[in-house]
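Q: Take a look and give me a structure for this.
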Amino acid sequence: MSDEKRARIMMISTHGYISAFPEFGKPDTGGQVVYVLELSKCFARLGYHVDILTRQFEGQRSWEHIAPRVRILRFPCGPDEFVPKETLCEHIPEWVENAREHVEEKGLEYTQINSHYWDAGLAGQALANALGIPHVHTPHSIGAWKRDNMDGDPAELERRYNFRHRIREEKVVYDECDVLVATTLPQREILLASEYDVPTEKVRVIPPGYDDMRFFPVSRASRQAIKRDLGLQGKIVLALGRMAKNKGYDLLIRAMPTVFNRVEDARLLLAVGSTEPSEDERRQVDELKRLAERLGLAERVLFRDYIPDEALADYYRAADVFALSSRYEPFGMTAVEAMACGTPAVVTTEGGLWEQVAWGLEAVYANPFDPEAFGHALTAVLTHRRVADQLAKYGSQKARARFTWTGIAQQLLRSMGSVELPMRQHVAAGAKGGDDAQGEETWKTSDSW
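A: Numbers count the residues shown, from 1 in each chain. Predicted structure coming up:
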């Protein structure tokens, strides 16, 4: 592929708060935002220009510079307030029309569209069809899998998560896109199964990545100093992420009596808040606190709000073990980041990461629906120094060998060269010239995009 043809990539992630410095923990703003931002920066380091197309709301700017050759372009649709990802699909046609008009007006040419989650998949496929651009789609989460792995009343879950509509639309996107990226082997099997029936040759298994310039091991003395600086004492079991039922924080609390009975100075640190928690998030945190009180654990379960991104690596390093206790988890990027920092990890078997690690060498995995078993796994790490040291050493090596962003980006770029793409017109219909001649300074300063 010539440099001219591969000059620009369109990344689409329509939901959540995407910005140069996103506030993780805000609604629908978590691991996928990290994925999109870091992957975009890595594509840029490999020589591409990258436009991240997302939704404009709450008075956000229409344009934002992220890094050299990476910018965000925001287009409005629906109301000005935040719209949950489960219902954003209702406004996607309006978003597509606004984005398409902009692309054609500016004469932008793209080598490929790279979309993330099913709402962006709808947008990506519509733009691919309209503009004649190949489309790579990464679901991140799959509707049928999420539906089958959630606890609760089916009617209430359907009302809240819009599963029937979602799965129907997913099927259309999966049928029409050029390449479909599964982040794990189990995801691949779900995509190939009868409910979606995706052709085998269309699916590529490419895991998420992490920033190895931020997440890396430090000495034991440094870890102790970081722990003191953060005001933490004893053996720390850490869990962090956005506040959502699927994360299984309640299951982790139920696992902790097994740990506390064996490890006298153990503490559970739950960093599960956000800067602007919704009423539902506050309710869920209050439920967790009440659960800890009912179990007599209140003094040993520590709650912290949103952890700023710049402090995240130090929290991983301050922990003695990281717990990923999700009811379901497409991958589990937080566990990889913890492993990369040299922190032993106990990960859920209800997700994609556990099959990619060697048990007892790189990580330990257990079923969070069996709280006692999950507690025993945590206890083994906290009470056996050799086990912890081995997991710290080989876990960080596994993360660096398998999950860095550069390797992920290169795999994604190669995926486009490994399939027979349909003949598409490369230049956007109605486009008049490119914008590259305007120079890098226009990228950095212009707000006309």
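
Q: Would you mark the buried spots in stretch 145-157?
A: Neighbour-count burial for stretch 145-157, with 16 or more other Cβ atoms under 10 Å as criterion, is recorded at Trp145, Lys146, Arg147, Met150. All C-beta spots, glycine's among them, are computed from the backbone N, C-alpha and C.

Q: need the helix or strand of this structure with the lowest average pLDDT.
A: Lowest by mean pLDDT, DSSP states H and E among the helices and strands of the chain is helix 440-445, with a mean of 36.

Q: number of nearby residues for the residue nearest to Leu251 when sequence neighbours are not counted?
A: For Leu251, ignoring the flanking residues on the chain, the nearest one in space by Cβ to Cβ, 6 or more residues apart in numbering is Pro368 at 4.3 Å. Pro368: 29 surrounding residues under other Cβ atoms under 10 Å.

Q: Next, count neighbours for Glu264.
A: 8.

Q: so how far is Glu293 from it?
A: 20 Å (Cβ to Cβ, to the nearest Å).

Q: again with Gly124
A: 46 Å.

Q: count of residues packed around the nearest residue to Leu297 once chain neighbours are set aside?
A: In space, and not counting its chain neighbours, Leu297 is closest to Met256: 5.9 Å by Cβ to Cβ, 6+ apart. Other residues within reach of Met256, judged by other Cβ under 10 Å, total 25.

Q: so Met256 is in which element?
A: helix 249-262 (DSSP states H and E).

Q: Give the buried residues for that helix.
A: Tyr249, Asp250, Leu251, Leu252, Ile253, Arg254, Ala255, Met256, Pro257, Thr258, Val259, Phe260.

Q: after it comes which helix or strand?
A: strand 266-271.

Q: what helices or strands is the following helix or strand past that next one leaning on?
A: Sequence order places helix 279-294 as the next helix or strand after strand 266-271, per DSSP H and E. In terms of contacts (3 or more Cβ pairs under 8 Å, 6 or more residues apart in numbering; DSSP states H and E), helix 279-294 is packed against helix 249-262, strand 301-304.

Q: Next, the angle helix 249-262 makes with helix 279-294.
A: With axes from the mean of the first three to the mean of the last three Cα atoms, to 10 degrees defining the directions, helix 279-294 sits at 20 degrees from helix 249-262.

Q: Find the residue ranges of the stretch 1-150 of the chain scoring beneath the pLDDT cut-off.
A: 1-6 (pLDDT under 70).

Q: could you pull out the helices for it?
A: Under the criterion DSSP state H, counting those that start in this stretch, the stretch 1-150 of the chain carries helices at the ranges 31-45, 92-106, 117-131, 143-148.

Q: Return the most buried member of those helices.
A: Mean neighbour count (mean count of other Cβ atoms under 10 Å) peaks for helix 117-131 among those, with a mean of 25.

Q: Convert that helix to CSV, retaining C-alpha atoms only.
A: Written as CSV, here are the backbone C-alpha positions of helix 117-131 (Å, rounded to 0.1, in the frame of the first residue of the first chain):
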residue,chain,number,x,y,z
TYR,A,117,-18.6,-0.7,19.7
TRP,A,118,-21.9,-1.3,17.9
ASP,A,119,-23.2,2.3,17.9
ALA,A,120,-20.0,3.4,16.1
GLY,A,121,-20.2,0.3,14.0
LEU,A,122,-23.5,1.5,12.6
ALA,A,123,-22.0,4.9,11.9
GLY,A,124,-18.8,3.4,10.4
GLN,A,125,-20.7,1.1,8.0
ALA,A,126,-23.0,3.8,6.8
LEU,A,127,-20.0,6.1,6.1
ALA,A,128,-18.1,3.2,4.5
ASN,A,129,-21.1,2.6,2.2
ALA,A,130,-21.5,6.3,1.4
LEU,A,131,-17.9,7.2,0.9
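
Q: just checking, what packs against it?
A: strand 8-12, helix 92-106, strand 112-116, strand 135-138, helix 163-176.

Q: right, and Lys235 touches Arg262 too?
A: No: in this structure Lys235 lies outside contact range of Arg262 using Cβ atoms under 8 Å: 10.4 Å.

Q: Quick check: neighbours shared by those two?
A: Residues touching both Lys235 and Arg262 (Cβ atoms under 8 Å, 6 or more residues apart in numbering): Leu382.

Q: neighbouring contacts of stretch 163-180?
A: 86, 89, 115, 118, 121-122, 124-125, 128-129, 134-139, 142-144, 146-147, 157-158, 191, 195-196, 198, 202-204, 415-416, 419, 421-422.
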